[in-house]
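Visitor: Dropping a prediction and its sequence here:
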Amino acid sequence: MSCTEDVKFNNPAFQTLKNNVFWRAQTYKAYFGANGSIIIEGSLGYEKIILQAASSTEQTFALGVNDDSKASYENALPAEMASFSTGTNIGNGQITITDYDADNNTISGTFKFTAVNNDDTDAGNDKINFTEGVFYKVPIEGNDIVLHN
């Protein structure tokens with residue numbers, strides 16, 4: 001018998017620990033942004049995590065260094081309105097692209113980051129932490145356009 005804790009997914013997924021509490025997106029998508037960047041979004045109700053890696057190349061992108069690779073979390077529920085992000089010298093973490101499947105238009109990888117509250121008047125809520133993040137076979141939208149002459 002084997003005793004491993006390897007998580008195996010059969011379907012696309014986007015999940016993480018948000019401040020050590022399990023968080024799984026109900027909806028997710030990926031798309032290409034400016035300058036070849038790839039944006040991966042996961043949403044759960046009013047909450048949204050947005051990951052941006054400088055490219056879809058299979059590698060690790062550091063967060064908190066510049067705005068080419070960054071991460072953010074937003075809660076749009078009026079009673080809990082909040083926005084956190086990483087950026088140039090703001091927050092830290094990483095996004096690792098482990099598989100870019102151009103044939104099936106999917107992207108997979110891992111992430112972890114600490115983002116800073118964009119509202120500096122929200123004293124008791126200055127940062128948010130995401131660990132053990134995984135996005136698996138998230139479909140890339142708008143990447144399958146075929147031009148017919």
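Guide: Ah, there it is.
Visitor: Distance check, the closest residue to D126 other than its chain neighbours against A13.
Guide: Leaving aside its sequence neighbours, D126 sits nearest to N117 (C-beta to C-beta, 6 or more residues apart in numbering; 5.2 Å). Every C-beta, even on glycine, is put in place using the N, C-alpha and C of the backbone. From N117 over to A13 the distance is 27 Å, taken as C-beta to C-beta, to the nearest Å.
Visitor: go on, T110?
Guide: 12 Å.
Visitor: Overlap in contacts, these two.
Guide: Common neighbours of T110 and A13 (criterion: C-beta atoms under 8 Å, 6 or more residues apart in numbering): V134, F135.
Visitor: show me the contacts for the residue nearest the centre of the chain.
Guide: Nearest to the mean C-alpha position of the chain, by C-alpha atoms, centre = their mean, lies L51 at 3.3 Å. Residues near L51 by C-beta under 8 Å, 6+ apart: I39, I40, E41, A71, I95, F111, F135.
Visitor: Doesn't the last one lie inside a strand?
Guide: Yes: if the criterion is DSSP: H, G, I helix; E, B strand; the rest coil, then F135 is within a strand.
Visitor: That one contacts Y28, doesn't it?
Guide: Yes: using C-beta atoms under 8 Å, F135 makes contact with Y28 at a distance of 6.9 Å.
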